[in-house]
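the following block contains a protein sequence and its predicted model.
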Amino acid sequence: MKNKPTISVIVPVYNVEKYLEECVESVLSQTFTDYELLLIDDGSTDSSGDLCDQIAKRDVRVRVIHKSNRGSSSARNKGVDEAKGEWIIFLDSDDKWADKDGLRRLCDYAMRKNLDVLRFEYQSMNDDMTVRLPQKVTDKQMCCNKVLSNFELVKYGIAGEWFSVLFLLRRELVGALRQNTNLSFLEDMDFLCRLFVTRECRCGYIVDDFYLYRKREGSLSSSFRMDQLKCSFDMCDVFWNQSRQIEDAQMQQLYVYYSVMMYYWTLQTVASDVYYRDRARIIEKLNLVQVHKNTSARMKIGTIKPIYWPFVMPTPNIGVVLLHLKGKLRLALK
């Protein structure tokens, strides 16, 4: 392998002995071979760290870095620090890539279009990766076969799915930018939100379900998580603060839109059965009265559809109650 590979594949590893070999094999079997694979062992307490070392002995393209446990964002950041490639791409260690020619297609497209950023797609799978699961489908053909602006990629290519594992990124673009290690949720959204403010990029989009996302059993999605709610409401300020740094009017309005809609979407979560009975405690603990005050002011300068106003403009408690009733009514009408 040459000293500076074209692509650095960064895989954070933590207690995934059951899935690691399958993940790594999906990389090592790629027909595009000019890459390095960085396995960042984030203080695993199972055999994952030993497995990383064994894999590295079998293939010179694999480098293993062992570190103390500080979470996936810290592991990804360490991978970016250590990366030697012109491009970087992330892969979670319990997921895998779909086919052996995928990395070649991504690299060829990015080179041909002289891109800084290339977004691709994913398919949700069951735990043993044998069944394709239903997911949101959005027609993004308008994004294909052309160079996109930051605004076009965020609005039409990302379309609300801010997953950093779905990007091939020029390492020079990432520069000193790193994921926020203080976040326990929406780290990808925070990172990409800030990335697209650094400069105007040559962006691309390819309709390719190259990434296979494993929906593991025992997910925490139906559990009460105050920390996740806080991270989600905090994104309102992240988008707003970043919007103040943007000169492009369209992109600025898009970020203002997200700063408001993050409030609405998270309020919807509070209105769900998992959180609804604790809404008073959530409103007090997360200081949602102030979050609401900020959001109401931003609503008036943003391009927010009128259908959201009845839920965003009233007090947080009234907004949650209305969204809860809306959800129950929708279920009753099914």
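Here it is on my side, so go on. Numbers count the residues shown, from 1 in each chain.

what residues are bridge-paired with Tyr213?
On the basis of DSSP bridges, Tyr213 takes part in beta bridges with Ser124.

how close does it sit to Arg112?
Remark: distance between Tyr213 and Arg112 (Cβ to Cβ, to the nearest Å) = 27 Å. Glycine gets a C-beta too; all of them are placed from N, C-alpha and C.

so Val197 touches Gln245, yeah?
Yes - assessed by Cβ atoms under 8 Å, Val197 is found in contact with Gln245 at 5.4 Å.

and the two? which has more neighbours close in?
Between Val197 and Gln245, counted using other Cβ atoms under 10 Å, the more crowded position is Val197 (19 against 11).

within the helices and strands, which one has that one?
Secondary structure assigned from DSSP states H and E places Val197 in helix 187-198.

chain center to that helix, what's the gap?
9 Å (Cα atoms, centre = their mean, to the nearest Å).

hmm, back to that, so for Tyr213 and Arg112, which residue has more residues nearby?
Neighbour count, other Cβ under 10 Å: between Tyr213 and Arg112, Tyr213 has more, with 20 against 9.

other residues contacting stretch 174-184?
Under the criterion Cβ atoms under 8 Å, 6 or more residues apart in numbering, residues 70-71, 73-74, 76-77, 80, 88, 164, 187-188, 190-191, 194-195, 198, 227-228, 231 lie in contact with stretch 174-184.

how far does that stretch stretch from start to finish?
The straight-line separation of the ends of stretch 174-184 (Cα to Cα, to the nearest Å) is 21 Å.

buried set for that stretch?
For stretch 174-184, the neighbour count (16 or more other Cβ atoms under 10 Å) marks 174, 178-179, 183 as buried.

next one: it to chain centre, how far?
Using Cα atoms, centre = their mean, the offset of stretch 174-184 from its chain centre is 12 Å.

do stretch 120-132 as well
Per Cα atoms, centre = their mean, the centroid offset for stretch 120-132 relative to its chain is 16 Å.

what's the end-to-end length of that stretch?
17 Å.

now it: average pLDDT?
Throughout stretch 120-132, pLDDT has a mean value of 95.

contact partners for Lys96?
Lys96 neighbours (Cβ under 8 Å, 6+ apart): 22-23, 25-26, 129, 212, 214.

same check, this time on Phe32
Per Cβ under 8 Å, 6+ apart, neighbours of Phe32: 7, 101, 103-104, 107.

look up how far Val117 lies from Ser8.
Here the criterion is Cβ to Cβ. By it, Ser8 lies 15 Å from Val117.

low-confidence stretches in the chain?
Across the chain, residues meeting the criterion (pLDDT under 70) sit at 1-2, 217-222.

for it, which segments count as strands?
7-13, 35-42, 62-67, 87-90, 96-97, 117-125, 167-170, 203-214 (DSSP state E).

of all the ones you listed, which lies closest to Leu148?
Distance to Leu148, taken as Cβ to Cβ, is lowest for strand 203-214 among the strands of the chain, at 4.2 Å.

other SSEs contacting the closest one?
Here strand 203-214 touches strand 96-97, helix 102-113, strand 117-125, going by 3 or more Cβ pairs under 8 Å, 6 or more residues apart in numbering; DSSP states H and E.

quick check: longest helix of the protein.
When the chain is parsed with DSSP state H, its longest helix is helix 249-270.

just to revisit the earlier point, nearest to Glu152, of the helices and strands packed on strand 203-214?
Nearest to Glu152 among the helices and strands packed on strand 203-214 is strand 117-125; the distance by Cβ to Cβ comes to 10.8 Å.

can you list the buried residues in that closest one?
Quick answer for strand 117-125 (16+ other Cβ under 10 Å): 117-122, 124-125.

quick one: distance of it to the chain centre.
Averaging C-alpha positions (Cα atoms, centre = their mean) puts strand 117-125 11 Å from its chain's average.

got a markdown table for the buried residues of stretch 174-184, with distance to Ser44 too?
Putting those into a markdown table (distance: Cβ to Cβ, whole Å) gives the following:
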| residue | distance to Ser44 |
| --- | --- |
| Val174 | 25 |
| Arg178 | 22 |
| Gln179 | 19 |
| Leu183 | 21 |
